[in-house]
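Chemist: Fold the following and give me the result.
(4 chains)
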There are 2 protein chains.
Amino acid sequence: MLSESEYLASYDASRYPSPIVTVDSVLFTLHEQQLCVLLVQRANHPQKGWWGLPGGFIDMQHDASTRATALRKLQEKTGVVPPWLEQLETFSGPDRDPRGWSLTTAWYALIAQESCRSYSGDVSDAAWLPVNTVMQRKDIAFDHQTIITSALKRLRQKTLYTLLPVFCLPERFTLTQLQEATEAILGRPVQRKSLIRRFDSSEMFEETGESVATGARKAKLYRRRKEADVHNFTRNLMPAD
Amino acid sequence: MLSESEYLASYDASRYPSPIVTVDSVLFTLHEQQLCVLLVQRANHPQKGWWGLPGGFIDMQHDASTRATALRKLQEKTGVVPPWLEQLETFSGPDRDPRGWSLTTAWYALIAQESCRSYSGDVSDAAWLPVNTVMQRKDIAFDHQTIITSALKRLRQKTLYTLLPVFCLPERFTLTQLQEATEAILGRPVQRKSLIRRFDSSEMFEETGESVATGARKAKLYRRRKEADVHNFTRNLMPAD
DNA sequence: GAAATAGTGTCTTTTAGACAGTATCGG
DNA sequence: CCGATACTGTCTAAAAGACACTATTTC
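Modeler: Now for the predicted structure:
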C-alpha cells in the first residue's frame, strides 16, 4: 500500500496519454467603427499559412494558469496587456486539430486600437480582420471560426448588461465614442439616453475635466476609475430584436 | 521543407510535456428543500479518502469532447444523464493537483433527486452533501471547493434570468415545487406571482392535465415541452439583495 | 444666426414587487 | 363552513425606449 508521498514520488504524468492542450484568445478591437479580431498567419504546421487565433501551448515552467498563457501570447503579438480578459469556453474533441484529440481553453479580450497600433505594425504576420469578413473566409485554421462566433455571441450578450465596450476605447473617451463602440458590437443603434443613465449609475467612471471638439460642441472626456469593478445591470438593453 | 501530411505523419504528441487534464462536474440536486452536490470519496491517490467532484481523465478512444467525459463520469455515479449540463470554467495551475501542472474543465449539472435515488444508493462511495456544509469541510480534494463555489454562483446568477431550477424537479411538477427549488437555490423567498408570469411567458412548459393534492387545493402538474429551449429573460428577478 | 454635435427632460412601456382577493380542496 | 394551499387581479416601482428639447461650439 503506497502512501500519498510515495505515490507522488513515483508518479510520472508523461506515462499517460494526454490530449493536445492549447490556449487561444479572441482579441477584439474597433477599427473605424468596425469590430475586428486579431488573427495570426500560422508560421508552422499544421495549417501553415492559414489564419488562426493568437495562442499556443502552455509553458508549464512559467505560466501560473491558462490566463497567464493567454496574456503571454497576446503580449507577444501586441506588446501590451488588454484591459479586459475573460475566459470564454474550452473547446475539445478528436477532430478539431489534425494532430489528434485536442483541447483549447479559449479567452476573449478587448483592447483599444490605439494601445497596440505601434506594435502590431512591425509583426507582419498578425492582422486585424473585421469580424464579419472572418465568417466568410475559408482560410481560418482549426475550429477558430466557431470560437470567434462564440466569443462574439458572449461579447454581445454581455454588452446588453454591462458597459464592456469601454474596454475597446482609449484611456480617455467621450460618451459618443462609447455609444459608437456599443453600436459596432451590437450591430444596431442604441438609445444614447439609456447609455448615459447606465454610465452615470454604474459609478465606474470619472470626468477628466477635459473636453474635446469633434466639429461642434465639445464633448467631456471620461476615464475608468481604477478601483471600479465592472457593473452588472439587472436588465438588458433592447430586449426585443 | 515538410508538407502538411509529412508533418502530421511524423508528429508524436507524446513527445511534448503536457499538463494533467481532467474533467469534473458539479451535479446539483434538491434533497428536502436543500441544495446538494454529489461528491465521491476518492478511492485512489492523490488525496485518497477525501471527497472530490465526480470526474476523471478523458478517454480519447471514446469521448468525443469533454462534455462526453463529464456525461460518462456522471452516468457511472448516478446511472442517468442529467437534463441540464453546461460548461462552467476551466481551472488550471501548477499547484491545484500535487502531481503537477494540471487543468480541469469543470461542468455543472442539475438533476431531480428522484431520477438517481435508486442508483446512488448502491454506490457507497458517492454522497449528496448539502452545499452549505461543503463549504465548511476540510476534506475536499484539490480546488474542488473553489469549483463548487463558482458553480453555485453561476447557478444562482442564471436562476435570476432563466427557469433553470426546473431541472432539479421530477418530470411532472407543480408550481410550488418550482418556487421551492428556486428559493432553495437563491437562499431567499421569491414572489410566486413573478415566477408564474415567467413560467407562462416562457412557453417552455405544458399542463399534463393531472393535479396533485398536497393537503389542500390540488395543484396542477406541468412538464417541460420536449422541443422547448431554455428561455432567457431580459431582466433579473430581485435585482436588489 | 445656422448647422452640428453634446447633453437633458419627460412621457411611455415593460415587467418585477407587493399583496389583497378569489378558488378549490379536505375535514 | 373553516383552514389551508393554489392561483389571480391589480396597483406600484424601477428602469429602458422614444423623442423633443436645450446647450455649446464653429462658421
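
Chemist: Report all helices and strands that the longest helix seen in chain A contacts.
Modeler: Ranked by residue count, the top helix of chain A under DSSP state H comes out as helix A:144-159. For helix A:144-159, the elements it packs on are strand A:20-31, strand A:34-41, strand A:84-93, strand A:102-110, helix A:131-134, helix A:175-186, judged by 3 or more Cβ pairs under 8 Å, 6 or more residues apart in numbering or on different chains; DSSP states H and E. Heads up, the C-betas are built off the backbone N, CA and C, glycines and all.

Chemist: So which bits of chain A are right by DNA strand C?
Modeler: Contact residues (Cβ under 7 Å from any atom of the strand) of chain A with DNA strand C: A:174-176, A:192-193, A:196, A:211, A:214-220, A:239.

Chemist: filter those to the buried ones?
Modeler: A:174, A:175, A:219 (16 or more other Cβ atoms under 10 Å in any protein chain shown).

Chemist: Let me know the closest of these to residue B:84.
Modeler: residue A:175 (40.3 Å; Cβ to Cβ).

Chemist: Now for the closest one: which residues touch it?
Modeler: Residues near residue A:175 by Cβ atoms under 8 Å, 6 or more residues apart in numbering or on different chains: A:192, A:195, A:196, A:199, A:219, A:220, A:222.

Chemist: Unless I'm misreading it, the first one sits right up against residue A:179, doesn't it?
Modeler: Think residue A:192. Yes: using Cβ atoms under 8 Å, residue A:192 is in contact with residue A:179, at 5.5 Å.

Chemist: hang on, the earlier thing: mind putting the buried ones among the residues of chain A next to DNA strand C into a markdown table with distance to residue B:203 and pLDDT?
Modeler: Formatted as a markdown table, those follow (distance: Cβ to Cβ, whole Å; pLDDT from 0 to 100):
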| residue | distance to residue B:203 | pLDDT |
| --- | --- | --- |
| A:174 | 42 | 97 |
| A:175 | 38 | 98 |
| A:219 | 44 | 97 |
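
Chemist: What is the nearest of these to residue A:77?
Modeler: residue A:174 (28.5 Å).

Chemist: Quickly list what the nearest residue to that closest one once chain neighbours are set aside is bridged to.
Modeler: The shortest distance from residue A:174 to any non-neighbouring residue, by Cβ to Cβ, 6 or more residues apart in numbering or on different chains, is to residue A:219 (3.9 Å). Under the criterion DSSP bridges, residue A:219 forms beta bridges with residue A:212.

Chemist: I'd say residue A:219 and residue A:176 touch.
Modeler: Yes: between residue A:219 and residue A:176 a contact is recorded at 5.9 Å, counting by Cβ under 8 Å.

Chemist: Report the contact partners of residue A:102.
Modeler: Contacts of residue A:102 by Cβ under 8 Å, 6+ apart are A:19, A:20, A:21, A:22, A:92, A:93, A:96.

Chemist: Would you mind trimming these to those in range of chain B?
Modeler: A:19, A:20, A:21, A:92, A:93 (Cβ under 8 Å from any Cβ of the partner chain).

Chemist: got the contact list for the nearest residue to residue A:147 once chain neighbours are set aside?
Modeler: Spatially, and ignoring its direct neighbours in sequence, residue A:147 is nearest to residue A:106 (4.9 Å; Cβ to Cβ, 6+ apart). Residues counted as contacts of residue A:106 (Cβ under 8 Å, 6+ apart) are A:23-26, A:53, A:87-91, A:147, A:150-151.

Chemist: likewise residue A:190?
Modeler: Residues near residue A:190 by Cβ under 8 Å, 6+ apart: A:179, A:182, A:183, A:237, A:238.

Chemist: Three-state assignment for it, please.
Modeler: Following DSSP: H, G, I helix; E, B strand; the rest coil, the label given to residue A:190 is coil.

Chemist: Quick check: the gap between it and residue A:219.
Modeler: As judged by Cβ to Cβ, to the nearest Å, residue A:190 and residue A:219 stand 17 Å apart.

Chemist: Kindly report the domain assignment for chain A.
Modeler: A:19-157, A:162-224 (automatic domain parsing).

Chemist: Which helix or strand contains the closest residue to residue A:23 other than its chain neighbours?
Modeler: Counting by Cβ to Cβ, 6+ apart, residue A:69 is the residue found nearest to residue A:23 once chain neighbours are left out, at 4.1 Å. Residue A:69 belongs to helix A:66-78 when assigned by DSSP states H and E.

Chemist: Packing partners of that helix?
Modeler: strand A:20-31, strand A:34-41, strand A:55-57, strand A:84-93, strand A:102-110, helix A:113-122.

Chemist: Go through that helix and flag the buried ones.
Modeler: A:66, A:67, A:68, A:69, A:70, A:71, A:72, A:73, A:74, A:77, A:78.

Chemist: ditto for stretch A:229-238
Modeler: A:233, A:236, A:237.

Chemist: Quick check: the residue nearest in space to the middle of chain A vs residue B:30, distance?
Modeler: By Cα atoms, centre = their mean, chain A has its centre lying nearest to residue A:109, at 1.8 Å. As for residue A:109, its distance to residue B:30 is 38 Å (criterion: Cβ to Cβ).

Chemist: before we move on, what about residue A:88?
Modeler: 30 Å.

Chemist: More neighbours: which of those two?
Modeler: Counted by other Cβ atoms under 10 Å in any protein chain shown, residue A:88 and residue B:30 do not tie: residue A:88 has more neighbours, with 24 against 21.

Chemist: per-residue confidence at the closest residue to residue A:229 other than its chain neighbours?
Modeler: In space, and not counting its chain neighbours, residue A:229 is closest to residue A:204: 7.7 Å by Cβ to Cβ, 6+ apart. Looking at residue A:204, its pLDDT reads 98.

Chemist: hang on, isn't residue A:204 packed against residue A:230?
Modeler: Yes: judged on Cβ under 8 Å, residue A:204 makes contact with residue A:230 at a distance of 7.1 Å.

Chemist: Please identify the residues of chain A in proximity to chain B?
Modeler: A:2, A:4, A:7-8, A:11, A:13-14, A:16-21, A:45-48, A:57-58, A:60, A:64-66, A:87, A:89-90, A:92-94, A:98-101, A:103, A:105, A:160, A:234-236, A:239.

Chemist: how about the residue nearest to the centre of chain A, what does it touch?
Modeler: Here residue A:109 is in contact with A:25, A:26, A:27, A:28, A:70, A:74, A:82, A:84, A:85, A:86 (Cβ under 8 Å, 6+ apart).

Chemist: Please check these and keep the buried ones.
Modeler: Judged by 16+ other Cβ under 10 Å, buried ones among the contacts of residue A:109: A:25, A:26, A:27, A:28, A:70, A:74, A:82, A:84, A:85, A:86.

Chemist: so the second one sits right up against residue A:153, yeah?
Modeler: Yep, that's residue A:26 we're talking about. No: in this structure, residue A:26 is not within contact of residue A:153 by Cβ under 8 Å, at 11.0 Å.

Chemist: ok, so what distance separates the residue with the largest distance to the centre of chain A from residue A:79?
Modeler: Going by Cα atoms, centre = their mean, the residue of chain A most distant from its centre is residue A:1, 48.5 Å out. According to Cβ to Cβ, residue A:1 stands 54 Å off from residue A:79.

Chemist: for chain A, which spans come out with low pLDDT?
Modeler: Chain A contains residues with pLDDT under 70 at A:118-124, A:239-241.

Chemist: Tell me the residues of it that contact DNA strand D?
Modeler: For chain A, the contact set with DNA strand D under Cβ under 7 Å from any atom of the strand comprises A:190-194, A:197-198, A:211, A:213, A:215-218, A:233-235, A:237-239.
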